[in-house]
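Chemist: show me how the following folds:
(chains A and B)
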Amino acid sequence: GDSVTQMEGPVTLSEEAFLTINCTYTATGYPSLFWYVQYPGEGLQLLLKATKADDKGSNKGFEATYRKETTSFHLEKGSVQVSDSAVYFCALSSMEYGNKLVFGAGTILRVKS
Amino acid sequence: GAVVSQHPSWVICKSGTSVKIECRSLDFQATTMFWYRQFPKQSLMLMATSNEGSKATYEQGVEKDKFLINHASLTLSTLTVTSAHPEDSSFYICSARITGQQPQHFGDGTRLSIL
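Modeler: Here you go, the predicted structure:
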C-alpha cells in the first residue's frame, strides 16, 4: 500500500541554519504530496503542497519539490527561526487510496537561538 | 479561508461517561470529514471517514460502537466516545475537505483525559 517515510528526529539546529527534512514515498498511482506542521498542543496546519511531478510548493520560506524519479518531497528552508520549532509531517493522498491522507511518522525540529 | 473549528479543545471526565467532540467547517462545505487519533510523539492514525448523510467508514481495528460518528450537515461532524475508559485518553483531531478538492484542513484537536 501507499506509505511515507520521513527522516527520524529530532533535528536540532541553530537559528539561521539551513534545514532539510527528507521525505520519500511509495504509491501505486500519482499522489498529491503535502507538508503539514504541528505546533505543541495544536492541530495540523498545511504548510505546502504539490500535485504533480516537478511542482514546487512553497510557503513562509519553506520549499519542497515533487521528484517523481526519486519518489521524494524533501522539505527545505534556507534560514530557520526559533519560531519554526514544531513537528513536521510529510503526507500523500491518492485516488487509489480513496483520497485519504497517509502520513509519515513526523520529524521534530528544534531551533536554538 | 478553509477554517475548521473543533470543540472542546480539552476535556477531562470520569471513566464510564460518554464524550462528544464537534468538528465544524466554518467557511466552506465539507461532504467528507476525517477523524484521527494521535498518541504522544506519534503520527496521526486515521480512525474513520465521515460522509454527510451516510454512515461513516471506519478503519480496520476501530470499534464503530465505541466511536460513534455523525455527519448530519455539510458543516458539522461529531465524534462520540462512548463509555470512555482511561485507554481512550488521547489527542483527537478532525479534518475537512472542500468538496472535490484537496487538501484536508485540520482542527486544533481535542485532548481527552479519562480518569
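
Chemist: how about the nearest residue to A:Lys52, chain neighbours excluded?
Modeler: A:Tyr66 (6.6 Å; CB to CB, 6 or more residues apart in numbering or on different chains). Any C-beta I mention is one placed from the backbone N, CA and C, and that applies to glycine too.

Chemist: next one: that neighbour from chain B, what distance?
Modeler: Distance check for A:Tyr66 against chain B: by CB to the nearest CB, to the nearest Å, it reads 13 Å.

Chemist: that residue touches A:Leu33, doesn't it?
Modeler: Yes - counting by CB atoms under 8 Å, A:Leu33 is a contact partner of A:Tyr66 at 5.5 Å.

Chemist: ok, those two, which is more surrounded?
Modeler: A:Leu33 (29 against 21; other CB atoms under 10 Å in any protein chain shown).

Chemist: how close does the residue nearest the centre of chain B get to A:Gln6?
Modeler: Most central residue of chain B, judged by C-alpha distance to the mean C-alpha position with CA atoms, centre = their mean, is B:Trp35 at 3.7 Å. As judged by CB to CB, to the nearest Å, B:Trp35 and A:Gln6 stand 23 Å apart.

Chemist: how about the residues of chain B that lie near chain A?
Modeler: B:4, B:6, B:34, B:41-44, B:46, B:49, B:93, B:95, B:97, B:102-109, B:111 (CB under 8 Å from any CB of the partner chain).

Chemist: what about those, which are in helices?
Modeler: Using DSSP state H, no member of the residues of chain B next to chain A falls within helices.

Chemist: drop anything exposed from those.
Modeler: B:4, B:6, B:34, B:43-44, B:46, B:49, B:93, B:95, B:97, B:103-109, B:111 (16 or more other CB atoms under 10 Å in any protein chain shown).

Chemist: show me the residues you listed that map onto strands.
Modeler: Mapping those onto strands (DSSP state E) picks out B:4, B:6, B:34, B:44, B:46, B:49, B:93, B:95, B:97, B:104-106, B:111.

Chemist: residues touching A:Phe103, list them.
Modeler: Under the criterion of CB atoms under 8 Å, 6 or more residues apart in numbering or on different chains, the neighbours of A:Phe103 are A:4, A:36, A:89-91, B:43-44.

Chemist: what residues does chain A have near chain B?
Modeler: A:32, A:34, A:36, A:41-46, A:49, A:51, A:89, A:93, A:98-101, A:103-106, A:108.

Chemist: now the nearest residue in space to A:Leu92 that is not next to it in sequence: how far from A:Leu75?
Modeler: Counting by CB to CB, 6+ apart, A:Pro31 is the residue found nearest to A:Leu92 once chain neighbours are left out, at 4.1 Å. Distance of A:Pro31 to A:Leu75, given as CB to CB: 16 Å.

Chemist: same check, this time on A:Asn59
Modeler: 11 Å.

Chemist: of these two, who's got more company?
Modeler: More crowded of A:Asn59 and A:Leu75, by other CB under 10 Å: A:Leu75, with 24 against 14.

Chemist: who's in contact with the closest residue to the more buried one other than its chain neighbours?
Modeler: The shortest distance from A:Leu75 to any non-neighbouring residue, by CB to CB, 6+ apart, is to A:Ile21 (4.4 Å). Contact analysis of A:Ile21 by CB under 8 Å, 6+ apart lists A:6-7, A:11, A:74-76, A:88, A:90, A:107, A:109.

Chemist: let's see 10 Å
Modeler: Going by CB atoms under 10 Å, 6 or more residues apart in numbering or on different chains, A:Ile21 touches A:6-7, A:9, A:11, A:35, A:62, A:64, A:73-77, A:88-90, A:104, A:106-107, A:109.
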